[in-house]
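*Asks:* Give me a 3D structure for the following:
(2 chains, ligands or ions: 1)
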Amino acid sequence: MDKNQILEKLAAVVMDGTEDEAKVLAQAVVANKIDPLEAIEQGLSKGMEIIGGRFERGEAYLPELLMAAASFNAAMAVLKPEIEAQKKQLVKLGKVLIGTVKGDVHSIGKDIVASVLDTSGFDVVDMGVDNPSLNIIQQAEKIQADVIALSSVMTTTMPAQKEVIDTLKEMGIRQKYFVIIGGGPVNPEWADRIGADGYGKSAIDAVALVKGLMAKKK
Amino acid sequence: MIIVGELINASRKAITEAIKNRDVEAIQAVACQEHEAGAHYIDVNAGIFLEEEEDYIRWLVQTVQAVVEGPCSIDTPNPKAIEAGLSVHQGTPMINSISLESDRYNKMIPLLAGTDCRIVALCMSDEGMPKTAEDRLRVADKLINGLVQNRIPLENIYVDPLVQPISVDRTFGIEFLKAIALIKEKFVGVHAMCGLSNVSYGLPGRPFVNQTFMSMAVALGLDGAIINPLDKRMMANIIAAEALAGRDNFCMNFMKAHRAKKFEF
Ligand code: B12
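*Replies:* Sure, this is the predicted structure:
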């Protein structure tokens, strides 16, 4: 198999393959010395985007989306150690604390963003889902995060993103962190309105966004 | 099977409008349809109206009972709204629902202790949603004991083991079913009920999934359901399933339904 074939198959395996098949392909990436980051961006993430689109149009159903996420994660588990090895030589790009906000248990999108940031050279701490604002802030303080990334997939929980920012302001520590937001219903206008430092539409977006912000810091 | 008609729910657009406009006729029409279709209780829910919920519940109970000779199911986690409903309800209502979440539980118990209300006991606790049958049994055990200690007879308790989507975790259906069997075996006399459409969330062909699930649940002892009683296929399905589960003496109910053309769609 040449590189392009492998990348194509990676996308396909996310769309309708099993976790085991995803693992085998990820091993092929390593064996063929393909850049794991490229495998993620051109392969895995692409597959995820396509299935996400189908899902939105009602052509695919929830179990297919969840299975895609499982395959994505299975392949990631193989690729991550490879990237870790590379990263040792790199300087860490910054520390990102990510979590889904209070009242919201959607994890799929957040997990992907966390994975992709992690593999792109950031130190990522994932707090999981349904996080009270104060917990997020305490954790950010504790680990001395550079960026707080907040996922909210429901209109009803978007106000919790605002709450984190407002609380940071009240505590007088807003300027210590870049706060970025994302999730299905979130848009740039909302980011502006609540005074977030950035908005990302996808995981790939998130990487560019955080890289841009970290550059500002230096 | 105790049927609770689920249609008067403010999360449905037509009902939101009817409630806002205090449209007596619209509410009564739905209530009568549900009653005629075989609902034993007419569920009333005004949950999306936060401030006005109490007033609306009171109004809904009165409006429904003006035309339906039968009880309501007062559907809210808000103790104030329950009180409002109880203050005007005639006969014995169903309360939908109490759970083991401490805030809800502690506020609800004083209202219900010693009454003869029928009580839906939702298997949810401060630890969140149960996953396995054993999780559910553990929560049910505490709930049932708490209620009985507060002078609620076992026969008035309707445990809802909480249906979750099989699209999210393939074990959710079977764990729910096992829970029904476990609970009914351990607490003889208690009822098991649920709203079950959540089981098919995220899947195509939802009515088909729901009906099949209903049959399986009836076999394991489900004897109450919060459903749309106007759904003829679902109602027919329940009648057949109960006969198959050995709960229909001489299959009389089944044949009665046949003669009433309930198996023709
Ligand atoms: C899967 C799912 C579930 C699963 C979640 C499983 C899990 N482990 O995550 C389950 C079944 C548990 C679930 C439950 C519920 N859900 Co739901 N769910 C969905 C569904 C179908 C897909 C969401 C998803 O994973 N998308 C795929 C991922 C990849 O996309 P994404 O999350 O948008 O993430 C991408 C980007 O947004 C971005 N991104 C995400 N986060 C971040 C963060 C940052 C910082 C950045 C930069 C970028 C970024 O990058 C990601 C990758 O590209 C959506 C419908 C839909 N079409 O979206 C409903 C949906 C989100 N759910 C909804 C609802 C209402 C619920 C429930 C309340 C249902 C109920 N009545 O029980 C519960 C809520 C429970 C709770 N308290 O949170 C509604 C929300 C409506 C609203 N008000 O906005 C939706 C939209 C469905 C609908 N149309 O009604 N749900």
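
*Asks:* going forward, measure contacts and count neighbours with C-alpha atoms only.
*Replies:* Noted.

*Asks:* Angles on the backbone of residue A:28, please.
*Replies:* Main-chain torsions, residue A:28, degrees, to the nearest 10: phi -70, psi -40.

*Asks:* so the closest residue in space to it that isn't next to it in sequence, which of the three states?
*Replies:* Spatial nearest neighbour of residue A:28, excluding adjacent residues (C-alpha to C-alpha, 6 or more residues apart in numbering or on different chains): residue A:6 at 7.7 Å. Secondary structure state of residue A:6, per DSSP: H, G, I helix; E, B strand; the rest coil, is helix.

*Asks:* Repeat that for residue B:98.
*Replies:* Taking three-state DSSP, the label given to residue B:98 is strand.

*Asks:* one step back: could you measure the residue nearest to residue A:28 against residue A:21, distance?
*Replies:* Counting by C-alpha to C-alpha, to the nearest Å, the gap from residue A:6 to residue A:21 is 12 Å.

*Asks:* cool, residue A:123 as well?
*Replies:* From residue A:123 to residue A:21 the distance is 28 Å (C-alpha to C-alpha).

*Asks:* so what's the residue positioned nearest the centre of chain B up against?
*Replies:* Here the mean C-alpha position of chain B is nearest to the C-alpha of residue B:226 (C-alpha atoms, centre = their mean), at a distance of 3.7 Å. For residue B:226, the contacting residues are B:3-6, B:193-196, by C-alpha atoms under 8 Å, 6 or more residues apart in numbering or on different chains.

*Asks:* For chain A, what lies in contact range of chain B?
*Replies:* By C-alpha under 8 Å from any C-alpha of the partner chain, the residues of chain A that approach chain B are A:61-63, A:66.

*Asks:* I'd like those residues as CSV, with pLDDT, neighbour count and secondary structure appended.
*Replies:* Formatted as CSV, the residues of chain A next to chain B follow (pLDDT from 0 to 100; neighbours: other C-alpha atoms under 10 Å in any protein chain shown; DSSP: H, G, I helix; E, B strand; the rest coil):
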residue, pLDDT, neighbour count, secondary structure
A:61, 92, 19, coil
A:62, 89, 19, helix
A:63, 90, 16, helix
A:66, 89, 15, helix
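
*Asks:* Against the ligand, which of those make the cut? List them.
*Replies:* Filtering the residues of chain A next to chain B for proximity to the ligand by C-alpha under 6 Å from any ligand atom leaves residue A:62.

*Asks:* Name the nearest residue to residue B:142, ignoring sequence neighbours.
*Replies:* residue B:100 (7.7 Å).

*Asks:* For beta bridges, what are the partners of that neighbour?
*Replies:* On the basis of DSSP bridges, residue B:100 is bridged to residue B:125.

*Asks:* For the residue nearest the centre of chain A, which non-adjacent residue is spatially closest?
*Replies:* The residue lying closest to the centre of chain A (C-alpha atoms, centre = their mean) is residue A:113, at 0.4 Å. For residue A:113, ignoring the flanking residues on the chain, the nearest one in space by C-alpha to C-alpha, 6+ apart is residue A:203 at 4.5 Å.

*Asks:* For the one you found, give me its contacts.
*Replies:* A:112-113, A:116-117.

*Asks:* If we use 10 Å, what do you get?
*Replies:* Neighbouring residues of residue A:203 by C-alpha atoms under 10 Å, 6 or more residues apart in numbering or on different chains: A:41, A:45, A:49, A:109-117, A:182, A:209.
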